[in-house]
Every structure is written in C-alpha cells, then in structure tokens.
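Trainee: Structure for this input, please:
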Amino acid sequence: MTSSGEVVQGLLAALSDRDEVRVAALLHPDIEAVGGRGPKKGIAEVVAWAKPSIDGHLISSVEVDELREIGSDWVAVGARRLWSWTATGELADEQPFGVLYRLRDGKVVTWNQTYDSLAEAIDAVPA
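Mentor: Residues are numbered from 1 along each chain as shown. Predicted coordinates for the structure are as follows:
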C-alpha cells in the first residue's frame, strides 16, 4: 500500500518532470485545487493550472523543502517557488509557500496552495 506522502512525492516529481500524464494519473476525479488565481476543478483544469509558468523571460519551478504526513489523508508541504531567467538559468526570485493536500482512494482530491508556510498549511488540517 502506498502512503499519502509517497503519492504526493510522486505528484511533485511528475510536476518537476513536467509530465502531465503522470500528474493526471495521481489526481482523483473530484480534484479541487486552490491557488493564487482562484479555485480549479476536475483533472484537466487542475493539470492545466499546475503547469510551470513562463512570464516573459522568466520560468517558474518549485523546490520542496519539507513534506509531512498528517494522519492517513493529509500531507503538508513547505516549498519555494523559484523564478529563473530563461536565457541564463540564473535565479531571479524565490518565494516560500505552503501546500496542503488531502487524499481519497490513494489520489489527491484537494490541493490548497494558498498558505505562506508549512506551519500555516499544517494548522489548516481539520481537527
């Protein structure tokens, strides 16, 4: 049996590899994601939302600093969004953030990327 942390690690690896097929395979059909641009629902919409951003001469990537399983259904992640210059690969900016995932049937069913830190994401897990 795969743990919730292993599922999220697989999702993060698929995102890093920019493998949309693997990302989609790890999402529950009822997936709901929330980020800075509002809520997204359904596998196709969430996969499109989760693609790395390219903004002019910058491209985004994510560096995971810590992952914590909370019970059997929740995983909190502390990470940094890195913006790098496409021409040189040099780091232009980085922003820390927290993410909270909930799993159902071995797949990610909720994905909330609106937290400022790992601690804030952990605090949001329902009691």
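Trainee: packing partners for the helix ranked longest in the chain?
Mentor: Counting residues, the longest helix found in the chain (DSSP state H) is helix 4-16. Where contact means 3 or more C-beta pairs under 8 Å, 6 or more residues apart in numbering; DSSP states H and E, helix 4-16 is packed against helix 20-25, strand 58-70, strand 74-85, strand 91-104, strand 107-115. Heads up, the C-betas are built off the backbone N, CA and C, glycines and all.
Trainee: Leaving out chain neighbours, which residue sits closest to Pro29?
Mentor: Residue nearest to Pro29 in three dimensions, not counting chain neighbours: Ile43, with 6.6 Å by C-beta to C-beta, 6 or more residues apart in numbering.
Trainee: For that neighbour, grab phi and psi.
Mentor: Taking degrees, to the nearest 10, you get phi -60, psi -50 for the backbone angles of Ile43.
Trainee: if we can go back for a sec, the helices and strands packed on helix 4-16 into a markdown table, with extra columns for mean neighbour count and distance to Ala14?
Mentor: Output for the helices and strands packed on helix 4-16, formatted as a markdown table (neighbours: other C-beta atoms under 10 Å; distance: least, C-beta to C-beta, whole Å):
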| stretch | mean neighbour count | distance to Ala14 |
| --- | --- | --- |
| helix 20-25 | 14 | 4 |
| strand 58-70 | 15 | 12 |
| strand 74-85 | 19 | 14 |
| strand 91-104 | 17 | 13 |
| strand 107-115 | 19 | 11 |
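Trainee: picking up where we left off before, per-residue confidence at the residue nearest to Pro29?
Mentor: Listed pLDDT for Ile43 reads 97.
Trainee: That one contacts Leu26, doesn't it?
Mentor: No: the criterion here is C-beta atoms under 8 Å, and Ile43 misses it with Leu26 at 9.7 Å.
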